[in-house]
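S.K.: The sequence and its predicted three-dimensional model are supplied below.
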Amino acid sequence: MKKTIRNVALTIIIFAVLIIGSSCIVVTNENEYSLIRQFGGIDHVVSDAGVSLKIPFIQTVDKLPKQTLLYDLASSDVITSDKKTMICDSYILWHITDPLKFAQTLNSSITNAESRLNTIVYNSTKNVISSTTQDDVISGRDGELSEAIIANIGSTLDQYGIELLSFETKQLDLPGDNKAAVYERMISERDNIAATYTAEGSSEAQIIRNTTDKEVTVTLSEAEKNAEILIAEGEAEYMRILSEAYADESKQDFYSFVRSLDALKVSMQGNNKTVILSPQSPIAQIFYGK
């Protein structure tokens, strides 16, 4: 009987030790923070992965996620600077940077954090888009909008121990009832811009053509004038040489002979190369030596 009592007592002691021992151990994984609470307040935070100890029955453990979290914001209407309505459907990536602040301001609640993020991000999105025209929003890039919204939020989330990593839009579009009209207006405006550029280009091209034609005309005129001058100078030189030649009596007969031969050559046309001259012909007189 006594042995049985001892075994039961030993079992109870071992069981109690196991319970107490397990209640002392805190296991913290890589993707979480461990918040050690004591009498309702936070005694300390375990950020590094591993095994740590706490006081059993006095201290308790709360867990907070350490990894990046995704929150899908509800679709909402936003107004551009030119008073046009757009639909924004987006999501954000965020994480907890200070678990102590997070626990103190948001009661360690992810739901509370998402509600606060929803309000802050929506207000920032509304502020950024309200300072941008609808055309710029439509033709802009998501990266620029994301950077502007994050910059607008600034350090607002620091007080909650939260950091906003990214803002991404799944849809930033027009309401269905006026989407077609807006796109048609944008197309018309861009057609007008294209027509203006085309007209300006055609005008500039015509100016260039007119200037080029004028330069070509001036160049040709100068060339023709210079050619006429050269021809006149050549003819003058030719006449001077002839004048000098005929001024010398010893050369007059030779030049008369050459010019007579040239005249004879010109007079022979076609295949008939026979020339009949009378003795009184000036050309025949040359061959007679008269």
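M.R.: In hand now; what should we look at?

S.K.: Please enumerate the strands of the stretch 51-200 of the chain.
M.R.: In the stretch 51-200 of the chain, the strands defined using DSSP state E, counting those that start in this stretch lie at 59-65, 69-72, 76-79, 85-96, 162-173.

S.K.: strand partners of the third one, parallel vs antiparallel please.
M.R.: Each strand that pairs with strand 76-79, with its direction, by DSSP bridges: strand 85-96 (antiparallel).

S.K.: CA-only coordinates of the strand it pairs with in PDB, if you can.
M.R.: The C-alpha trace of strand 85-96 is given here as PDB (Å, rounded to 0.1, in the frame of the first residue of the first chain):
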ATOM      1  CA  THR A  85     -13.700  60.300 -60.200                       C
ATOM      2  CA  MET A  86     -11.500  57.200 -60.400                       C
ATOM      3  CA  ILE A  87     -11.600  53.800 -58.800                       C
ATOM      4  CA  CYS A  88      -8.600  52.700 -56.900                       C
ATOM      5  CA  ASP A  89      -8.100  49.000 -55.900                       C
ATOM      6  CA  SER A  90      -4.800  48.400 -54.200                       C
ATOM      7  CA  TYR A  91      -2.800  46.400 -51.600                       C
ATOM      8  CA  ILE A  92       0.100  47.100 -49.400                       C
ATOM      9  CA  LEU A  93       3.100  45.200 -47.900                       C
ATOM     10  CA  TRP A  94       4.100  46.000 -44.300                       C
ATOM     11  CA  HIS A  95       5.800  44.600 -41.300                       C
ATOM     12  CA  ILE A  96       6.300  45.200 -37.600                       C
END
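
S.K.: In it, which of the residues would be classed as buried?
M.R.: Residues 86, 88, 90, 92, 94, 96 are the ones in strand 85-96 that count as buried (16 or more other Cβ atoms under 10 Å). (C-beta placed from N, C-alpha, C; glycine too.)

S.K.: and the angle for it with strand 59-65?
M.R.: Relative orientation of strand 85-96 versus strand 59-65 (axes from the mean of the first three to the mean of the last three Cα atoms, to 10 degrees): 140 degrees.

S.K.: ok so, going back, for the buried residues of strand 85-96, which one is nearest residue 48?
M.R.: Comparing those against residue 48 with Cβ to Cβ places residue 96 closest, at 15.0 Å.

S.K.: For the closest one, list the residues it contacts.
M.R.: Residues counted as contacts of residue 96 (Cβ atoms under 8 Å, 6 or more residues apart in numbering) are 33, 64, 65, 66, 102, 113, 161, 162.

S.K.: Can you report how many residues neighbour the closest residue to it other than its chain neighbours?
M.R.: Among residues not flanking residue 96 along the chain, residue 102 sits closest, at 5.1 Å (Cβ to Cβ, 6 or more residues apart in numbering). Neighbour count for residue 102, taken as other Cβ atoms under 10 Å: 23.

S.K.: Can you tell me how far residue 102 is from residue 53?
M.R.: 23 Å (Cβ to Cβ, to the nearest Å).

S.K.: Can you tell me the SS state at residue 33?
M.R.: Classification of residue 33 using DSSP: H, G, I helix; E, B strand; the rest coil returns strand.

S.K.: Then the one 10 residues further on?
M.R.: Counting by three-state DSSP, the backbone at residue 43 sits in strand.

S.K.: Could you check the pLDDT of it?
M.R.: Looking at residue 43, its pLDDT stands at 86.

S.K.: shift numbering so it begins at 21
M.R.: I'll keep to 21 as the first residue from here, and by that count the last item is residue 63.

S.K.: for it, what are its contacts?
M.R.: By Cβ under 8 Å, 6+ apart, the neighbours of residue 63 are 56, 57, 79.

S.K.: try residue 180
M.R.: So residue 180 contacts 121, 122, 125, 126, 133, 136 (Cβ under 8 Å, 6+ apart).

S.K.: May I see these arranged in a markdown table, with distance to residue 248 and pLDDT as well?
M.R.: Below are these laid out as a markdown table (distance: Cβ to Cβ, whole Å; pLDDT from 0 to 100):
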| residue | distance to residue 248 | pLDDT |
| --- | --- | --- |
| 121 | 97 | 93 |
| 122 | 98 | 93 |
| 125 | 99 | 93 |
| 126 | 99 | 93 |
| 133 | 95 | 95 |
| 136 | 94 | 94 |
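
S.K.: May I ask which two of these are separated the most?
M.R.: So, these by Cβ to Cβ: farthest apart are 121 and 136, at 12.3 Å.

S.K.: Right, I'll leave it there.
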